[in-house]
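In: Turn this into a model:
(one chain, ligands or ions: 2)
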Amino acid sequence: MSVTTNETTGGRVRSQDSALLWLIATTMAPYWRLLSGALALLVGTAILSVVPPYLLRRAIDGPVAAGNPEGLWLLAALYAGVVLLQLVLQFGQVYLLQISGQRALADLRRRLFSHMLGQDPSFYGRHGVGELIQRLTGDIDALNALLSSSVVTILTESVTLIAVVVVMFSLNWRLALLALAVLPVLALVTRFFRRRIRRSSDAERSMIGRVGAYLNEQLNGMLLVQLFRRQPVSAEEFDKLNAGYREALMRQRKASALFLSVLELITAFALASLLYWGGRGVLAGWATLGTLVAFVQLTERAFQPVLRLSEQYNNVQVALASAERVARMLETQPDIREPAEPVPAPSVVRGEVVFDGVHFAYKPDEPVLRGIDLRIEPGQNVAVVGPTGAGKSSLAALLARFYDPQRGAVLLDGEDIRNFSLSELRKAVCVVPQDPICIAGTIAGNIRLYDSTVSDADVRRAAELANAASFIEEMPDGYETEVRPGGANLSVGQRQLLSLARAIALSPNGVLVLDEATSSIDTATEALIQDALERLLHGHTSIVIAHRLTTIRNADRILVMERGRIVEDGSHSDLLLQDGHYARLYRHRGHASGGAVGNAVRG
Ligand SMILES: Nc1ncnc2c1ncn2[C@@H]1O[C@H](COP(=O)(O)OP(=O)(O)O)[C@@H](O)[C@H]1O
Ligand SMILES: [Mg+2]
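Out: Ligands and ions are numbered 1, 2, ... in the order given. From the prediction side, this is the model:
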């Protein structure tokens with residue numbers, strides 16, 4: 001899943017700090033009670049952790065030194081009790097933190113997904129599916145690690161460190177200085193290794209990202225790899241990436257292991273000096289034996305936080321980078337906005353469609369539609385033809401308001417479509433896309449798209465109208481047959497029939513916009529589609545982006561598009577008389593009835 005992982009990890013995250021804080025604050029805010037409970041328990045745990053060394057000292061300097069076992073068992077019981085209490089508090093703290101953290105992350109995941117649901121097609125053009133899945137899974141997981149482990153560790157260890165230092169100085173300042181004398185060395189060493197570890201971790205993450213991306217590309221294109229006998233090349237390329245990943249991983253592990261050993265060494269050095277100078281101190285009388293033993297324990301306890309804290313450094317960096325990406329994504333606003341006060345769409349659409357001076361581009365300076373003026377009367381059946389890239393599909397996309405034109409307006413029944421609510425508009429204008437899309441689920445589910453107001457009878461009626469009923473009934477479980485991902489168990493033609501049935505079921509009275517599939521459809525299916533269209537389009541406004549002469553000839557009106565303009569407009573016979581693009585096309589291809597036309601209309 002980590003296809004586009006961690007492009008911006010590593011360096012400190014400075015930009016958009018406020019957005020980041022805002023994201024974390026708004027996500028965690030509803031759970032502040034649980035969080036403050038966890039925090040209180042956390043402080044309690046950390047403070048309790050310095051009590052056992054203290055009790056040890058009391059035992060050694062008291063009953064043990066006095067040679068009198070009385071009172072020993074009380075201290076021992078206290079010792080066990082404190083450790084037990086510490087564990088109980090720790091459990092409570094982890095529990096509370098997990099509850100609040102997991103709820104907050106589930107909220108964030110929901111917030112992010114519903115944000116994505118509200119985005120328009122241009123958003124999905126900018127962000128690949130792999131990237132979006134990464135936002136919803138990998139990035140949220142990184143935040144999860146931050147909340148459930150890093151934050152706990154950082155807080156606990158910091159409080160522990162402070163508590164240990166305070167206790168040390170209150171017990172014996174000379175021993176405290178002795179024990180902590182190595183801290184500056186420790187700080188330097190940590191700094192040195194932190195950099196190395198961070199660099200190698202970044203390299204490792206970037207390598208795993210590249211391996212993931214490569215696998216994704218190769219596995220998705222396996223058919224090509226095998227058809228063109230590219231297996232050896234792929235294997236070799238993968239070997240290189242795999243070796244790079246292994247190297248990066250090794251470097252990272254080596255740096256970590258070395259760091260750990262050096263830390264152990266420094267701790268041992270501190271303990272040794274404590275033993276020597278502290279032992280002399282006991283003899284000289286400025287320290288007690290109990291204090292010395294307590295200091296051995298405390299010193300170990302003081303160095304552990306340093307290790308743990310430096311370990312968390314990377315995780316925090318990764319999580320912050322993830323949080324930043326999530327925050328940035330949550331900030332994107334769709335270009336297509338719902339009107340503040342939508343005009344109610346007419347309950348029965350008349351079906352008058354007007355394009356009024358429409359100019360449109362996906363990217364600035366690359367105009368796709370250059371001044372479209374078009375009036376389609378209610379009930380008119382229009383065929384749009386033209387070469388690939390002429391802007392036919394874009395015309396359809398504008399009518400369903402997947403994009404807004406930069407200039408001009410699209411009107412439905414006399415009203416600018418920007419004044420309708422999107423859901424009403426998309427009930428009134430139904431687009432059957434060129435690549436018919438199927439979702440996972442049953443055939444019936446694919447037709448009604450989980451709209452519970454569409455009854456089984458409606459589903460069947462729609463399938464019959466679309467001429468899809470016969471193939472559906474031949475399937476093993478009829479309407480309950482499972483559709484495999486991407487509609488893999490259906491032919492392109494069947495998928496198109498299914499989309500048609502869906503359009504009828506979900507917007508029975510709307511303007512129908514059909515982008516004919518260019519991929520070859522067998523003649524039988526094509527006849528079915530044609531027959532369904534003839535029945536469906538009767539009395540309904542329709543715009544069919546047509547590639548087949550049969551569809552074109554049956555239309556009331558034919559629009560020929562070229563380079564973003566409508567260059568010819570009229571009935572079949574009108575256009576033949578005009579003797580332009582269409583006539584030329586018809587003379588070339590006309591006699592092979594049913595031939596695909598799409599790319600043939602060239603100027
Ligand atoms: N989502 C998109 N983002 C950017 N450019 C696009 C997009 N869809 C289409 N285009 C460009 O717009 C032009 C018209 O495309 P389109 O309307 O699909 O033409 P047609 O359906 O006639 O083949 C083409 O040059 C195409 O590259
Ligand atoms: Mg197209």
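In: okay, CA-based contacts and neighbour counts for the rest of this
Out: OK.
In: Ligand 1 contacts on the protein?
Out: 125, 362, 368, 388-394 (CA under 6 Å from any ligand atom).
In: ranking these by neighbours, who comes first?
Out: Lys392 (27 neighbours; other CA atoms under 10 Å).
In: Give me the neighbour count for Trp73.
Out: Trp73, neighbours per other CA under 10 Å, totals 12.
In: My error: substitute Leu146 in the last question.
Out: 22.
In: Please flag which of the residues of the chain next to ligand 1 sit within helices.
Out: The helices, defined by DSSP state H, take in 125, 392-394 from the residues of the chain next to ligand 1.
In: Touching, Asp556 and Ser573? I think so.
Out: No: using CA atoms under 8 Å, Asp556 is not in contact with Ser573; the gap is 10.4 Å.
In: residue boundaries of the strands in this structure?
Out: 353-361, 367-376, 381-385, 407-412, 415-416, 429-432, 441-442, 482-483, 511-515, 542-545, 557-562, 565-570 (DSSP state E).
In: okay, those, which one's buried deepest?
Out: strand 542-545 (a mean of 27; mean count of other CA atoms under 10 Å).
In: Can I get that one in PDB? Just the C-alpha atoms.
Out: Output of strand 542-545 as PDB, limited to C-alpha atoms (Å, rounded to 0.1, in the frame of the first residue of the first chain):
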ATOM      1  CA  SER A 542     -30.600  12.400 -25.200                       C
ATOM      2  CA  ILE A 543     -27.000  13.200 -26.200                       C
ATOM      3  CA  VAL A 544     -25.200  10.100 -27.400                       C
ATOM      4  CA  ILE A 545     -21.500  10.400 -28.200                       C
END
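In: Check which helices and strands it sits against.
Out: strand 381-385, strand 511-515 (3 or more CA pairs under 8 Å, 6 or more residues apart in numbering; DSSP states H and E).
In: Contacts for that strand next, please.
Out: Strand 542-545 is touched from outside by 379-385, 392-393, 511-516, with contacts defined as CA atoms under 8 Å, 6 or more residues apart in numbering.
In: same question, stretch 467-476
Out: In contact with stretch 467-476 (CA under 8 Å, 6+ apart) are residues 443, 460, 463-464, 478-479, 481, 494, 497-498, 501, 528-529, 531-532.
In: Domain map for the protein?
Out: 17-331, 378-402+428-598 (automatic domain parsing).
In: Mean pLDDT for those domains - can I get that in a markdown table?
Out: Listed next are the domains of the chain as a markdown table, based on pLDDT from 0 to 100:
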| stretch | mean pLDDT |
| --- | --- |
| domain 17-331 | 87 |
| domain 378-402+428-598 | 85 |
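In: tell me the most buried of those?
Out: Highest mean neighbour count of the domains of the chain: domain 378-402+428-598, a mean of 19 (counted as mean count of other CA under 10 Å).
In: Could you pick out the longest helix of the chain?
Out: Using DSSP H, we find that the single longest helix of the chain is helix 231-284.
In: Against which helices or strands is that helix packed?
Out: Using 3+ CA pairs under 8 Å, 6+ apart, helix 231-284 sits against helix 173-180, helix 183-220, helix 289-331.
In: Phi, psi for Arg350 please.
Out: phi -70, psi -40 (degrees, to the nearest 10).
In: Okay, it and ligand 1: tell me how far apart.
Out: 26 Å (CA to the nearest ligand atom, to the nearest Å).
In: what's the neighbour count on that residue?
Out: 20.
In: ok so, going back, make JSON lines out of the domains of the chain and add distance to Ser347.
Out: Output for these, formatted as JSON lines (distance: least, CA to CA, whole Å):
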{"stretch": "domain 17-331", "distance to Ser347": "25"}
{"stretch": "domain 378-402+428-598", "distance to Ser347": "9"}
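In: Ok, which of those domains comes nearest Asn419?
Out: domain 378-402+428-598 (11.0 Å; CA to CA).
In: how far does stretch 393-409 stretch from start to finish?
Out: End-to-end distance for stretch 393-409: 17 Å, by CA to CA, to the nearest Å.
In: Give me the distance from it to the chain's centre.
Out: 27 Å (CA atoms, centre = their mean, to the nearest Å).
In: what's in contact with that stretch?
Out: By CA under 8 Å, 6+ apart, the residues outside stretch 393-409 that reach it are 120-122, 335-336, 355-361, 368-369, 410, 416-418, 422, 425-426, 429-431, 513, 515, 545.
In: Could you do stretch 40-50 as well?
Out: 82-83, 86-87, 89-90, 92-93, 152, 155-157, 159-160, 163-164, 167, 298.
In: repeat that with 6 Å
Out: Stretch 40-50 has contacts (CA atoms under 6 Å, 6 or more residues apart in numbering) with 86, 89, 93, 156, 159-160.
In: With stretch 161-181 instead?
Out: Counting by CA under 6 Å, 6+ apart, 270, 302 sit against stretch 161-181.
In: Same question for stretch 110-128.
Out: With CA under 6 Å, 6+ apart, stretch 110-128 has contacts from Pro334.
In: Output it as PDB - backbone C-alpha positions only.
Out: Output of stretch 110-128 as PDB, limited to C-alpha atoms (Å, rounded to 0.1, in the frame of the first residue of the first chain):
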ATOM      1  CA  ARG A 110     -14.200   9.100   8.500                       C
ATOM      2  CA  ARG A 111     -13.600  12.900   8.100                       C
ATOM      3  CA  LEU A 112     -11.000  12.300   5.500                       C
ATOM      4  CA  PHE A 113     -13.100   9.800   3.500                       C
ATOM      5  CA  SER A 114     -16.200  12.000   3.500                       C
ATOM      6  CA  HIS A 115     -14.000  14.900   2.500                       C
ATOM      7  CA  MET A 116     -12.800  12.800  -0.500                       C
ATOM      8  CA  LEU A 117     -16.400  11.900  -1.300                       C
ATOM      9  CA  GLY A 118     -17.100  15.600  -1.600                       C
ATOM     10  CA  GLN A 119     -14.300  16.200  -4.100                       C
ATOM     11  CA  ASP A 120     -14.900  16.600  -7.800                       C
ATOM     12  CA  PRO A 121     -13.300  14.700 -10.700                       C
ATOM     13  CA  SER A 122     -10.400  17.100 -11.000                       C
ATOM     14  CA  PHE A 123      -9.300  16.100  -7.500                       C
ATOM     15  CA  TYR A 124      -9.200  12.500  -8.600                       C
ATOM     16  CA  GLY A 125      -7.300  13.600 -11.600                       C
ATOM     17  CA  ARG A 126      -4.700  15.200  -9.400                       C
ATOM     18  CA  HIS A 127      -4.400  12.400  -6.800                       C
ATOM     19  CA  GLY A 128      -4.000   8.800  -7.800                       C
END
